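Peer 1: Return atomic coordinates for the entry below.
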Amino acid sequence: MTVKLIIAMPSKNRNPLSPKKLLLTKWTAVNAINKQKHFLVTKVIAPDLPDEKIEFVELEAVINNAVQRIAWRDLTNSELWLQGWK
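Peer 2: Next up, the predicted model:
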């Protein structure tokens, strides 16, 4: 008897990230930013109006606590960011 194991791979077209679940996630910049590669999402920026969508997050560099604000969708670009610390 042969058993086949099928593993479902996530679609590359699907965006598994949700801005509401990004808080305290870890990210690695593909290209260092001011000699910084490892970042932590420390704040999800709430929109001014409650009907608007979340657009920005704050990233804090692990090495020196420098903070920068970016559009959270930039984190989905694998040419710029990798999830986790690599």
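
Peer 1: Residue 50 versus the residue nearest the centre of the chain, what's the distance?
Peer 2: Residue closest to the mean C-alpha point of the chain, counted by C-alpha atoms, centre = their mean, is residue 75 at 4.1 Å. Separation of residue 75 from residue 50 (C-beta to C-beta, to the nearest Å): 23 Å. C-betas here are computed from N, CA, C, even on glycine.

Peer 1: pLDDT weak spots in the protein?
Peer 2: For the chain, applying pLDDT under 70 flags the ranges 1-15.

Peer 1: try 50
Peer 2: Applying pLDDT under 50 to the chain flags the ranges 8-11.

Peer 1: Select the longest strand from it.
Peer 2: If you go by DSSP state E, the chain has its longest strand at strand 36-45.

Peer 1: Report the strands that pair with that strand, each with its relative direction.
Peer 2: Here strand 36-45 has these sheet partners by DSSP bridges: strand 26-33 (antiparallel), strand 56-61 (antiparallel).

Peer 1: how about JSON lines for the ones you listed, with distance to residue 67 and mean neighbour count added?
Peer 2: JSON lines is the format used below for the strands paired with strand 36-45 (distance: least, C-beta to C-beta, whole Å; neighbours: other C-beta atoms under 10 Å):
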{"stretch": "strand 26-33", "distance to residue 67": "12", "mean neighbour count": "14"}
{"stretch": "strand 56-61", "distance to residue 67": "5", "mean neighbour count": "19"}
